[in-house]
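Undergrad: just to be clear, the model below is a prediction. Sequence and coordinates:
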Amino acid sequence: RTMLRVVLSRTFPRISGISNCQYSAAAIPVPSAQPEVHYNKLFINNEWQDAISKRSFPTINPATGEVICQVAEADKADVDKAVKAAREAFRFGSPWRRMDASDRGLLLSRLADAIERDTAYLAELETLDNGKPYAVSYSVDVPMVVKCLRYCAGWADKWEGKTIPIDGDFFCYTRHEPIGVCGQIIPWNFPLLMQAWKLGPALATGNTVVMKVAEQTPLTALYVASLIKEVGFPPGVVNILPGMGPSAGSAIASHMDVDKVAFTGSTEVGHLIQQASGSSNLKKVTLELGGKSPNIIMSDANMAEAVEQSHFALFFNQGQCCCAGSRTYVQDTIYDEFMERSVERAKSRVVGDPFNMKTEQGPQVDEEQFKKILGYISSGKREGAKLMCGGGVAADRGYFIQPTIFGDVQDGMTIAREEIFGPVMQILKFKTLEEVVERANDTKYGLAAAVFTKDIDKAHYISSGIRAGTVWINCYNVFGAQAPFGGYKYSGNGRELGEYGLDNYTEVKTVTIKVPQKNS
Amino acid sequence: MPVIGVENVQSAGAPSACTVGKQGNMSSEPGNCQNHQDHDPDHGDAGPAKQTMPMPVPNLEVQYTKIFIDNEWHESCSGRKMPVHNPATGDLLCEVEEADTEDVDKAVQSARAAFQLGSPWRCMDASDRGLLLNRLADLVERDRLRLATLEALDSGKIFLMAYFVDLMATVKTLRYYGGWADKIQGKTIPVDGEYFTYTRHEPIGVCGQIIPWNFPVMMFAWKVAPALCCGNTVIIKPAEQTPLTALHMACLIKEAGFPPGVVNVLPGYGPTAGSAIAHHMDIDKIAFTGSTAVGKLIQKAAGDSNLKRVTLELGGKNPNIVFADCDLEYAVEQAHSGLFFNQGQCCLAGSRVFVEDSIYEEFVCRSAEKARNKVLGNPLVPGVDQGPQIDQKQFDKILELIESGKKEGATLECGGGPWNRNSLFIQPTVFSNVTDDMRIAREEIFGPVQQIMRFRSVNEVIQRANATHYGLAAGVFTNDIDKALTVSSALQAGMVWVNCYNAMSTQCPFGGFKMSGNGRELGEYALQEYTEVKAVTIKISQKNS
């Protein structure tokens, strides 16, 4: 519960008087554990369509393993159709191209308003489809979606080109133009939030979108599609296709008429996306991939805070975070106490029905992930790490795994090198600053990192020495729509959110005009 | 923005030509007035739909007449009130509490408390400041008819203009700065040595703001929106002629949820309340829009007191240059609305129209015809193009300048006197054969009086256009890209419009060269006027690029 409070306290708007954006534990409405599913088809050109193949696939409730419903399954032919719609919406002179930027912003604001209005329903659907605790869906995921869209809405008419003092009798300026048709492929760990991260900047800058949502979690994205239509986006601006990676995803990545692809998911698939771009039309690629993020605890840190934040850093969202703090480096002098408290905290973690308000941890998203994580736990035991707690299945149905901690983990072990994407915490021991920076950087990943210390010099030494796109000091998982997010090395390419995120959806056009005579 | 409403309502003559666009059809189609007020989500994909024309609220009662301090309504410390008149009829609308030095002190204390370290306003997330500004925009949209009616009654401006131009600009400005709040970014800077340096863009503090009577509610938004988005607190004095919409805005500010003391609204006179703000030792910044003469007083007051930061948006005598190769009918129309919009009461007014020799006679003839066709009358009635001037003082000043024009030898093409006895209306007036040395070519008239001059060459017109101590705006009409670029880069003015006039938008900075002012409003540039930059430098043990 403490963790939840930490998450919540970050999310609470502090203004009284803004009634429809207040979230507090007390205000969370009692959820329906069986929300009705309204949309299960492909969303193309603001219309609901069956797959051309007529195929569908089941989406599963990971808490029970039961089928929620069948969803239309997009394939290459549907991608072609969606790309045509998106291309038409983007053509020269279309309503979308002629719209004032401020009106694009207004549409995104309206979308945020509509999502905020339907917070409870969307949170129920997210929990049903993904398994994350409802209290978190309601208080974290949906409010962050709303904030992200509002933030991007504001940028629409502030994304300014420059006029440039070039040599000679010329007048030179830049226009920040949309790239065109953007393919976006999003993962299942934060279905709504990843959709907002992708749509917000793409639409604020005036692109059109063909989005493939993860086959495990298509439902909330489709409901948001209905809101996109409701608030008045022109047809074809956003197209949403549930489907599988090797078919629909691959068709997007290889498409000759998609101008840009943005992918969030595994590093393995990230390679495929980049390859597909190279083999097709050299579409622009941004990638947000895996991580094995170091979380460094110095001996002078506030112990209680460090334990709680490190717990949250790894176990949040069932451990299914690309930025999970999955290598917890603890300085030797406090190692034993930190370990003891962390184990105590993990043991008290409430695992169970995600619709129960007391639940901190729900099921993993599907059987494949579930088995993969259990495989990593076995490898940890086999390779000699010390299992401090957990280590097994947590329920007799659904994909629940016990909160697990390994101690005495060595840098060479599989669990210290590979992304587990589950509730499995690795605690490693270190002695010196120099040593820990070197070890922390000894990975192909570079997504996030954290350091806990009261010493300002150590904080700066580590934060500037770590090769990672995000560094948190005395905190973890602090996200703001205002701050960029993305990875060094194999963790990705480009940045999402913040002003930086707009770059990835913009072509810069330099216009140069001959003038008779320069005047400074 | 303004230009859309201005063109269409005026050129169409009958306001029913305006189509009100719905959410589903937001592309700006020339010829349509845009109205995004209706956001019924159920009709998101419906096509364009016609709506009935907005009508003024009948028998509108004035609700707010007191001083707004600390989110509460106060009577003036002196017990004095001031009368507020309807300039179209001369009727007394109401009496409003009159703020003076003591009230300013009270407001400053409240604004200072709201700004103190650890206050709710200082601890608030920037995105939440943005949300509050967006909520305020929502409330203005809700009360749009009421505010437009109040504005028309209080200032004499055409109701439909107030509704489509002033109120839309108000909403857009609030939303625009709502978006900026969490995008005012400092930098981290690669300084030499073993240091880490970053900048914070912090609010300046308590801002005094003094606004004019020509666009009362829009100027209110132009001033408070950037100040609040940057996190300042505000003491704003609306003009004594037009305090009513500002007081209604005060009520909406409270309703939106701004903490007490963040915005304080004090109706009052310049020499008393305005001067008290300008001289105050605990006001950190002052922003003034009004005459150049008063602008000088404000700057002096800052020098005499605490060196408060000063931004000024002052007068203009703006050149509008029409080349022979332009689209003549369009240029006549734009030059006409560029001068006559808002009864000529615009600092931006294109009050020196320079027309190239070969088209001069034709241009003058068409301009006079356009002016003669203007419909004067009750600003609340559809079809009326021009209302009264704001007050007797302005009225007298304009007539005096018209007389000087006649005396100094300009040719009166039309108008030239009052309209409708015992009222504040002035006939749309056009002077031709105006020479640069005449008073009507040098002084800001701020009324419906158009001066048309003749020129022969590009270099000549640039020189003449710049021969003024003002430098607010300018227009150029030509189809020749070289002339357009040469003239627009040579003119000494804060805004240059090419083949358009009064084309303003909230994204675009606004302000003057020379004696037309100091600093810029609107756009990203305005944020600089409401922030202090703090550079923080931290010693570190070892640099790493």
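TA: Nice, I can see it.
Undergrad: hey, what's B:F196 bridged with?
TA: Following DSSP bridges, B:F196 is listed with bridge partners B:I538.
Undergrad: and it, how many neighbours?
TA: 18 (other C-beta atoms under 10 Å in any protein chain shown). For every residue, glycine as well, the C-beta is placed using N, CA and C.
Undergrad: repeat for B:E403
TA: 14.
Undergrad: please identify the helix or strand for it.
TA: Applying DSSP states H and E as the criterion places B:E403 in helix B:392-407.
Undergrad: return the distance of that helix from the chain's centre.
TA: Relative to its chain's centre, helix B:392-407 lies at 24 Å (C-alpha atoms, centre = their mean, to the nearest Å).
Undergrad: taking chain A, what residue is nearest to chain B?
TA: A:G154 (2.4 Å; C-beta to the nearest C-beta).
Undergrad: about what we covered before: return the set of buried residues in the helix holding B:E403.
TA: Under the neighbour-count criterion of 16 or more other C-beta atoms under 10 Å in any protein chain shown, helix B:392-407 has B:Q394, B:F395, B:K397, B:I398, B:L399, B:L401, B:I402, B:G405 buried.
Undergrad: can you tell me how far the nearest residue to B:G405 once chain neighbours are set aside sits from B:G415?
TA: Closest residue to B:G405 apart from its sequence neighbours, by C-beta to C-beta, 6 or more residues apart in numbering or on different chains: B:I440 at 4.2 Å. From B:I440 across to B:G415, the span is 13 Å (C-beta to C-beta, to the nearest Å).
Undergrad: neighbour count winner among those two?
TA: Neighbour count, other C-beta under 10 Å: between B:I440 and B:G415, B:I440 has more, with 24 against 21.
Undergrad: tell me which helix or strand the residue sitting nearest the centre point of chain A sits in.
TA: Chain A has A:M194 as the residue nearest its centroid, 4.4 Å off, counting by C-alpha atoms, centre = their mean. Taking DSSP H and E as the definition, one finds A:M194 inside helix A:191-204.
Undergrad: and whichever helix or strand the residue nearest to B:G405 is part of, how far out from the chain's middle?
TA: Taking DSSP H and E as the definition, one finds B:I440 inside helix B:439-442. Counting by C-alpha atoms, centre = their mean, helix B:439-442 is centred 23 Å from the centre of its parent chain.
Undergrad: show me what that helix is packed up against.
TA: Helices and strands touching helix B:439-442, by 3 or more C-beta pairs under 8 Å, 6 or more residues apart in numbering or on different chains; DSSP states H and E, are helix B:392-407, strand B:449-455.
Undergrad: what do you get if the cut-off is 6 Å, keeping everything else the same?
TA: helix B:392-407 (3 or more C-beta pairs under 6 Å, 6 or more residues apart in numbering or on different chains; DSSP states H and E).
Undergrad: could you list the buried residues of the helix or strand following the helix it packs on?
TA: Using DSSP H and E, the helix or strand that follows helix B:392-407 in sequence is strand B:411-414. Of the residues in strand B:411-414, B:L412, B:E413, B:C414 count as buried by neighbour count, 16+ other C-beta under 10 Å.
Undergrad: tally of neighbours for B:S541?
TA: Per other C-beta under 10 Å, the neighbour tally for B:S541 reads 12.
Undergrad: with B:A113 instead?
TA: B:A113 has 16 nearby residues by other C-beta under 10 Å.
Undergrad: that one contacts B:V262, correct?
TA: No - if you go by C-beta atoms under 6 Å, B:A113 and B:V262 don't touch, sitting 10.1 Å apart.
Undergrad: where's the residue in chain B positioned nearest to chain A, which helix or strand?
TA: Residue nearest to chain A within chain B: B:G179 (2.4 Å; C-beta to the nearest C-beta). In this assignment (DSSP H and E), B:G179 forms part of helix B:167-180.
Undergrad: which regions of the stretch 51-200 of chain B sit below the pLDDT cut-off?
TA: Scanning the stretch 51-200 of chain B for pLDDT under 70 picks out the ranges B:51.
Undergrad: hey, where'd the strands end up in it?
TA: Using DSSP state E, counting those that start in this stretch, the strands of the stretch 51-200 of chain B run over B:67-69, B:72-74, B:81-85, B:92-97, B:188-189, B:195-203.
Undergrad: do the same with the stretch 301-450 of chain B
TA: Assigned by DSSP E, counting those that start in this stretch, the strands in the stretch 301-450 of chain B fall at B:309-313, B:319-322, B:352-356, B:411-414, B:418-419, B:425-426, B:429-432, B:449-455.
Undergrad: quick one: work out the angle between the helix holding A:M194 and helix B:167-180.
TA: If you take axes from the mean of the first three to the mean of the last three C-alpha atoms, to 10 degrees, helix A:191-204 sits at 130 degrees to helix B:167-180.
Undergrad: kindly export helix A:191-204 (C-alpha atoms) in CSV.
TA: Provided in CSV are the C-alpha atoms of helix A:191-204 (Å, rounded to 0.1, in the frame of the first residue of the first chain):
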residue,chain,number,x,y,z
PRO,A,191,-1.7,-0.1,-23.5
LEU,A,192,-3.5,3.2,-23.0
LEU,A,193,-0.4,5.2,-22.0
MET,A,194,1.7,3.9,-24.8
GLN,A,195,-1.1,4.8,-27.2
ALA,A,196,-1.1,8.4,-25.8
TRP,A,197,2.7,8.7,-26.0
LYS,A,198,2.5,7.7,-29.6
LEU,A,199,-0.6,9.6,-30.7
GLY,A,200,0.0,12.8,-28.8
PRO,A,201,3.2,14.0,-30.6
ALA,A,202,2.3,12.5,-34.0
LEU,A,203,-1.1,14.3,-34.1
ALA,A,204,0.2,17.6,-32.5
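Undergrad: quick one: average pLDDT of it?
TA: Throughout helix A:191-204, pLDDT has a mean value of 98.
Undergrad: outside of that helix itself, list whatever touches it.
TA: For helix A:191-204, contacts defined as C-beta atoms under 6 Å, 6 or more residues apart in numbering or on different chains pick out A:108, A:126, A:130, A:141, A:144-145, A:148-149, A:152, A:155-156, A:182, A:184, A:186-187, A:209, A:217, A:220-221, A:262, A:264, A:496, A:501-502, A:505.
Undergrad: distance of B:N479 relative to B:Y330?
TA: B:N479 sits 11 Å away from B:Y330, going by C-beta to C-beta.
Undergrad: and if you look at A:A202?
TA: Applying C-beta to C-beta, the value for A:A202 to B:Y330 is 37 Å.
Undergrad: the two: who's more crowded?
TA: Neighbours per residue (other C-beta under 10 Å) separate A:A202 from B:Y330, with A:A202 holding more: 26 against 12.
Undergrad: quick check: which element contains the most centrally placed residue in chain B?
TA: Nearest to the mean C-alpha position of chain B, by C-alpha atoms, centre = their mean, lies B:M219 at 4.6 Å. Assigned by DSSP H and E, B:M219 falls within helix B:216-229.
Undergrad: tell me what that helix is packed against?
TA: helix B:144-155, helix B:167-180, helix B:244-256.
Undergrad: so what strands line up beside the following helix or strand past it?
TA: Counting by DSSP H and E, the next helix or strand C-terminal to helix B:216-229 is strand B:233-237. Using DSSP bridges, strand B:233-237 pairs in its sheet with strand B:206-210 (parallel), strand B:263-265 (parallel).
Undergrad: what's the helix or strand following the last one in contact with?
TA: Remark: after strand B:263-265, the chain's next helix or strand is helix B:275-279, criterion DSSP H and E. Residues from elsewhere that reach helix B:275-279, judged by C-beta under 6 Å, 6+ apart: B:T101, B:V104, B:G208, B:I286, B:I298, B:A301, B:S305.
Undergrad: can you give me the end-to-end span of stretch A:39-58?
TA: 13 Å (C-alpha to C-alpha, to the nearest Å).
Undergrad: I meant to write stretch A:499-509 there.
TA: With C-alpha to C-alpha as the measure, stretch A:499-509 spans 18 Å from end to end.
Undergrad: circling back: need the strands of the stretch 301-450 of chain B in CSV with distance to chain A, can you?
TA: Formatted as CSV, the strands of the stretch 301-450 of chain B follow (distance: least, C-beta to the nearest C-beta, whole Å):
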stretch, distance to chain A
strand B:309-313, 21
strand B:319-322, 16
strand B:352-356, 17
strand B:411-414, 34
strand B:418-419, 38
strand B:425-426, 36
strand B:429-432, 30
strand B:449-455, 18
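Undergrad: nothing else from me, thank you.
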